[in-house]
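Visitor: got a sequence here, can you model it:
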Amino acid sequence: RRHDNAFTAPAPAAEGTAPEGAATAATLHNEGYLRVNKRGEGEYHGWNPKVVSAMNRFARDASSENYNGWKSVTDEHQPLALKDLLKIRFDKRPPISVDFVESIEDIRKRFTTAGMSLGALSPEAHETLAIAMNRIGGKSNSGEGGEDPARFSVRENGDSANSAIKQVASGRFGVTAEYLANAKEIEIKMAQGAKPGEGGQLPGHKVSPLIARLRFSVPGVTLISPPPHHDIYSIEDLAQLIFDLKEVNPRAKVCVKLVSCSGVGTVAAGVAKAYADVVLISGHDGGTGASPIASIKNAGSAWEIGVAEAHQVLMMNGLRNRIIVRTDGGMKTGRDIVIAALLGAEEFNFGTAALIAAGCAMFRVCHLNTCPVGVATQRDDLRAKFRGKAENVINYFNAVADDVRHYLAKLGARSLNDIIGRTELLQQIEDPENPKTQSIDLAALLHDPDPTNELERYHTRERNERFGNEGSLDEAILQEARDVILGKSARLVARYKITNVNRDIGTHLSGQIAYQRGNQGLPAGTIDLTLTGSAGQSLGAFLVNGIRLTLNGEANDYVGKGMSGGEVFVRPRPADQFEWHTNCILGNTCLYGATGGVVFAAGWAGERFAVRNSGATAVVEGVGDHGCEYMTGGVVVVLGRTGKNFGAGMSGGLAFVYDERGTLPERHNPQMIDLERLDSGDEIESLRRLVAAHAKATGSPHAQRLLEDWTATVGKFWKVVPHLPTPETPKQVFSFDSSKVPVPV
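Guide: Purely as a prediction, here's the structure:
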């Protein structure tokens, strides 16, 4: 059909015309594939100009008449999604008066806004959504990319611009203990519904100085958020991250965002068993304004499929009462909410609709940084044009909640809980005039795994917790450190024997300090803990200033994950007889997403060391594959061998590698980094002081030998430098003040 549209049929040969059989070019028809065809031809778009203008009209005047006008153009159209092939059955139960249905205020608490980052959105638009959701008891989502700590405090007028949901994505941009401690819910973005398997991206021209500061990066440098393969290889790794987050902030619920697809029910069951409190089933509609064209059309699947399967599998495994099921993907009206609830969802996430209510006009230039209404731009001149108001967003959610109430009344239900998973109240529409719908069978979506109504269909536990807090020393440590945190005592020095059962040492303590004192924490070395044995996973995860962990032994994966301050010193036990600098002492994925602090380890680290490091200083004596991958800041010194693919995607920070065997030129990834020899006396001296601090803190014989013959040692060091974003950008110069890293004697 497309070929026929592009070329006319062969014309008879005539004098001065094309030869017989040749095709003649024709004017191509605008299919409306990516942008709406303004003549109303071609592909139908859910967010077409009529829908957008109706929403804008309602935002200006929140009357019931304007909402009904918006509702009619939104709900009444040709089939566009699976929900359009379903009709709600009002003949199963007698209706009740809307006066007996739960209130708008109760329904609004189930509403959240999607993870749209500060960076993708302007600060004004981002804060407007947060203020609106906090006023109505819903939850806004920070998106990946951190948040300005100034927003964590309530403002003078009583408003709060603090995003209740703090997202932890694969990039871990700006994720600190303070950021997590100020969350009511923490969302792990396993993937995006609109871009499954692709991760996120913020174009360099949107990385302003403010965004770079919040993300611990460099202005003008594109920020890549790859799929979360760095520290989540299995359901066990996901369970560890859930545990990490509950340790740093035991007050917050933990949500895991999954992509709607066939088989997602099994993953949702694993998430429930891993003690997450919420699972978000994300549909293919929506996504960031920087989505590739291939993702807009050819990735993801409908939320209806994922919600139905997740709900059914959770019920069949006796897990449905342990976890909240949330969904997103083009939610607009009360009808969408009711259908999602009937399929098994109990909370509902709004992205594009909430953004349009806040002032978006769907110009579709989010990725260009040229949004003319100041919603999706970091340019100061365009941000000044933002006119959105929290009141407009609140009016929209009030209207949707009221719409839901009237549906519930017609269904004879007093609350949304009464209809969750009640698929008997849905029926597939039969449309003999539409041939495309004849081959679709939605029986699997409408399956009821419990027709006898013996199982619970929604969450009844306030939190999905394990019994007891096994594996954590931090409760005991917190009790000992209480007087120090409150300022009643100057210092705590303590010793503990540990085993690999003891996970997240220092994490719970860090969360409590950050909740009260922010990222500044305590003075260096205020809480000085010496540990002996084998540390379990996530030693020092999300560590803050003021805590020093000295480990005599070895540590498992994720040492210093997300740390924003403090010190971690790791060395073998005094009785160990092996050669330190040729043996592993740290596991994989250490310093992942760290924004500050110091790690010295007298031995090798595993794979993916310092991935996404954006501020920490580290010295180790060897690393596995993919060292310093996607690093955006900080300093890493490797006093020994490196594995392959060193520095892949590294856009900031510096690394120094002692390359005695001359293998780094073949093992590094040259796409974004260069190798240089050291020629600056100041840099050489700074490097020497850092290696000396490492030797003093760990007692490393290898580091001491390098220092004794420093002149020869320096000649074997490579300086790893990221490519500059512009020719005018000054080169990074390494300067190290050893007094800033007080080390034990």
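Visitor: CA atoms for contacts and neighbours, from now on please.
Guide: Will do.
Visitor: ok, the residue nearest the centre of the chain - contacts?
Guide: What sits nearest the mean C-alpha location of the chain, by C-alpha atoms, centre = their mean, is residue 169, with 2.4 Å. Residue 169 sits next to 144, 187-190, 225, 228 when contact means C-alpha atoms under 8 Å, 6 or more residues apart in numbering.
Visitor: 6 Å - rerun?
Guide: Shown in contact with residue 169 (C-alpha atoms under 6 Å, 6 or more residues apart in numbering): 144, 188-189.
Visitor: what does residue 589 give?
Guide: Listed by C-alpha under 6 Å, 6+ apart, the contact partners of residue 589 are 558, 608-609.
Visitor: ok, 7 Å please
Guide: Residue 589 makes contact with 230-231, 557-558, 607-611, according to C-alpha atoms under 7 Å, 6 or more residues apart in numbering.
Visitor: so it, which state does it fall into?
Guide: coil (DSSP: H, G, I helix; E, B strand; the rest coil).
Visitor: that one and residue 366: what is the separation?
Guide: Distance of residue 589 to residue 366, given as C-alpha to C-alpha, to the nearest Å: 33 Å.
Visitor: shouldn't residue 606 be in contact with residue 587?
Guide: Yes: Residue 606 is within contact range of residue 587, at 4.9 Å (criterion: C-alpha atoms under 7 Å).
Visitor: which elements pack onto the longest helix along the chain?
Guide: Longest helix in the chain by number of residues, with DSSP state H as the criterion: helix 390-411. The helices and strands touching helix 390-411, judged by 3 or more C-alpha pairs under 7 Å, 6 or more residues apart in numbering; DSSP states H and E, are helix 104-108, helix 123-136, helix 334-343, helix 352-357.
Visitor: just the angle between it and helix 334-343, please?
Guide: 60 degrees (axes from the mean of the first three to the mean of the last three C-alpha atoms, to 10 degrees).
Visitor: just the CA coordinates of helix 390-411, formatted as CSV?
Guide: Extracted C-alpha coordinates of helix 390-411, given in CSV (Å, rounded to 0.1, in the frame of the first residue of the first chain):
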residue,chain,number,x,y,z
ALA,A,390,-0.6,23.4,40.8
GLU,A,391,-4.3,24.3,41.0
ASN,A,392,-4.8,23.2,37.4
VAL,A,393,-3.3,19.8,38.2
ILE,A,394,-5.4,19.4,41.3
ASN,A,395,-8.5,20.3,39.3
TYR,A,396,-7.7,17.6,36.8
PHE,A,397,-7.3,14.9,39.4
ASN,A,398,-10.4,16.0,41.3
ALA,A,399,-12.4,15.6,38.1
VAL,A,400,-10.9,12.2,37.4
ALA,A,401,-11.6,11.0,41.0
ASP,A,402,-15.2,12.3,40.7
ASP,A,403,-15.6,10.5,37.4
VAL,A,404,-14.4,7.3,39.1
ARG,A,405,-17.0,7.8,41.9
HIS,A,406,-19.9,7.9,39.4
TYR,A,407,-18.6,4.8,37.7
LEU,A,408,-18.5,3.0,41.1
ALA,A,409,-22.0,4.2,41.9
LYS,A,410,-23.3,2.7,38.6
LEU,A,411,-21.5,-0.5,39.4
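Visitor: so that it lines up with my notes, have the first residue be 40 from now on.
Guide: Got it, first residue is 40 now, which makes that one helix 429-450.
Visitor: from the chain's centre, how far out does that helix sit?
Guide: The chain centre lies 29 Å from the centre of helix 429-450; the measure is C-alpha atoms, centre = their mean, to the nearest Å.
Visitor: what residues does that helix touch?
Guide: Against helix 429-450 from outside (C-alpha under 7 Å, 6+ apart): 98, 101, 129, 132-137, 140, 143, 146-147, 167-168, 170-171, 372-373, 377, 393, 396-397, 453-454.
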